[in-house]
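*Asks:* only geometry, no sequence info:
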C-alpha cells in the first residue's frame, strides 16, 4: 500500500513538473524545477532500493556454509538508503551464519541479530576488526526490538538458524554460547534456551558498545545496560521521521497545486515549512519540550509555530487572513507528530499511547478538518 | 501496565537482568519495582519469570499500530516498521 502511494506521489510530482515546465501551465511553472528535483530524488531512491532484497522475499535454498562478512562502499550507500527509508520499507539480509576475518573460527564469539539490513550493517561495522561470528535470524527485515515484540525474534527463530548447521561447526564445547542483543529479550526465554544446550549471554543494547564488550573477555551478561533515549538515538530517527512528514505534506501541497491549476487558488507552501519545523524540533528538543505526554509536547511545538505565524502576520510577512487556516493546521501537525513519535521513541508504552490516542486522535482530526475547511472558504472568498 | 508479586518470586534475578529500562531491582532477595514510569511493557521480564511473579499488559506503544490493531482491527499483533535503533 505504502509502495503504491510512494509511486503515485513520484508520478504526481513529475507530472506537475512536466505540466509546469513543458506544457505552459503557468500556475505550476514557478515550482517546475523544485518538483523535478523532488520527483527525481524519489525516482532514484526507488530505483536504487529495487536492487536489493525487501521484506517478504522468499529465500532460495540457503547455503549451510558460513559466509564472510564484508563491507564495501556500496554497503554504506545502501545503509544510508535503508536508514532514510526506515519507516517505509524494510530491507533484508539473507539469514544464516556469517563471520569476520579471513577464515571461519568455531571458537569466536557468536552474536545473534535480526536480518534487517541496517542492523546487520551497524553490527558488522563494529565487530569487523574482531574475530567474531554473526547468526542472522530471519525476522523478515524487522529490527531486533520490534521483531522481539512481534514474536519474530525469539527462541524458535534462533533455533531454526542454529539447526541449519552441524553442531561441530558451531562449537567444540558442550554448551553453545550465544550473545543475544538485550533489546531482543522480549522474545527470548533464557531458561528454554539453556534446556537446548545453549548458554545465552545478555549482550549490549547498542551496537556501538560491542567493541568494548568484545575486547574485555570473559563475556558476561550486560545486566546493567540501560536504554538512554539521548540526543544520539533521537537524531537517528530524525531523518526518517522528517522524510515521512514531508511526504505527507507534499501530498497536501500537490492537492493545492491541482486546485490552483483548476480554480486558480493559491498554494500554501508554508505547510512544508511547518512540517519541517515540527519534525526537526520534536526529536531534537524532546526532553526540554514541556509536558509528560507525547501529544502535549506536540501541541506545544504547534503553539510555538502558531505564535511564529502570528508574529509574521504582525510584521506583515504573513497575510492576516491566512492565520485562520494556518493556526489549526499548525496545531494539528504538532499534535499528529507527537502521537506518531510514540513509535519512534524508546520510552513509550502500550497503556500510555492507547490512552493518549483515545484522548487526542479525534481532536487532531477535527483540527485538520477545520484547517482544510478554512483554506477552502478563504479561497472561495478570494 | 506491569504488576509484581514479590511473594511468588524465588529470587532468580532473570527479570532484573533482562529489563532494558532498569524498572526492576532485587530487594531482600525478592523482585521489587523501582521505576514503574520507565516501563515500556516489552514483556521481557514476564517471559523470563517462570514463577508467575510478574504480569505485563504487553503491546506496542505506537500510534500507527494502535490505529491498525485496536481501532481498525486489521493488524497482526505487532510493530512492522523498521525503527533503526536496536542492535
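*Replies:* Received, thanks. Quick caveat: nothing in here was measured; it's all calculated off a predicted structure.
*Asks:* The chain: strands as residue ranges?
*Replies:* The chain I'm using is chain A. All strands of chain A, identified by DSSP state E, fall at A:67-68, A:96-99, A:110-114, A:133-137, A:176-180, A:198-202.
*Asks:* To clarify, I was referring to chain B.
*Replies:* Assigned strands in chain B, in chain order: B:2-4, B:24-27, B:30-33, B:54-56 (criterion: DSSP E).
*Asks:* quick one on the thing from earlier: can I get the strands of chain A in TSV with mean neighbour count and distance to chain B?
*Replies:* (Glycine included, C-beta is placed from N, CA and C.) Below are these laid out as TSV (neighbours: other C-beta atoms under 10 Å in any protein chain shown; distance: least, C-beta to the nearest C-beta, whole Å):
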stretch	mean neighbour count	distance to chain B
strand A:67-68	13	20
strand A:96-99	21	15
strand A:110-114	28	6
strand A:133-137	24	11
strand A:176-180	22	9
strand A:198-202	21	6
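*Asks:* Among the ones you listed, which comes closest to residue A:160?
*Replies:* The closest of the strands of chain A to residue A:160 is strand A:133-137. By C-beta to C-beta, the value is 7.8 Å.
*Asks:* Output the contacting helices and strands for that closest one.
*Replies:* Under the contact definition 3 or more C-beta pairs under 8 Å, 6 or more residues apart in numbering or on different chains; DSSP states H and E, strand A:133-137 sits against strand A:96-99, strand A:110-114, helix A:117-127, helix A:155-162.
*Asks:* quick one on the thing from earlier: quick one, which of the strands of chain A is nearest to residue A:362?
*Replies:* Of all the strands of chain A, it is strand A:110-114 that lies closest to residue A:362, at 35.8 Å by C-beta to C-beta.
*Asks:* what does the closest one rub up against?
*Replies:* Strand A:110-114 is touched from outside by A:119-120, A:123, A:127, A:132-137, A:139, A:141-144, A:147, A:152-153, A:158, A:170-171, A:176-181, A:184, A:203, A:210, B:86-87, with contacts defined as C-beta atoms under 8 Å, 6 or more residues apart in numbering or on different chains.
*Asks:* Could I get the pLDDT score of the residue lying farthest from the centre of chain B?
*Replies:* Within chain B, residue B:72 marks the point farthest from the mean C-alpha position, 24.6 Å out by C-alpha atoms, centre = their mean. Residue B:72 is assigned a pLDDT of 82 by the prediction.
*Asks:* correct me, but residue B:33 touches residue B:1?
*Replies:* No: with contact defined as C-beta atoms under 8 Å, residue B:33 does not reach residue B:1; the gap is 11.3 Å.
*Asks:* out of these two, which sits in the busier spot?
*Replies:* residue B:33 (17 against 14; other C-beta atoms under 10 Å in any protein chain shown).
*Asks:* Let me see the ranges of the helices in chain B.
*Replies:* All helices of chain B, identified by DSSP state H, fall at B:14-18, B:44-47, B:63-66.
*Asks:* winner for burial among those?
*Replies:* Comparing those by mean neighbour count (mean count of other C-beta atoms under 10 Å in any protein chain shown), helix B:44-47 ranks first with a mean of 26.
*Asks:* what mean pLDDT would you report for that helix?
*Replies:* Helix B:44-47 shows a mean pLDDT of 95.
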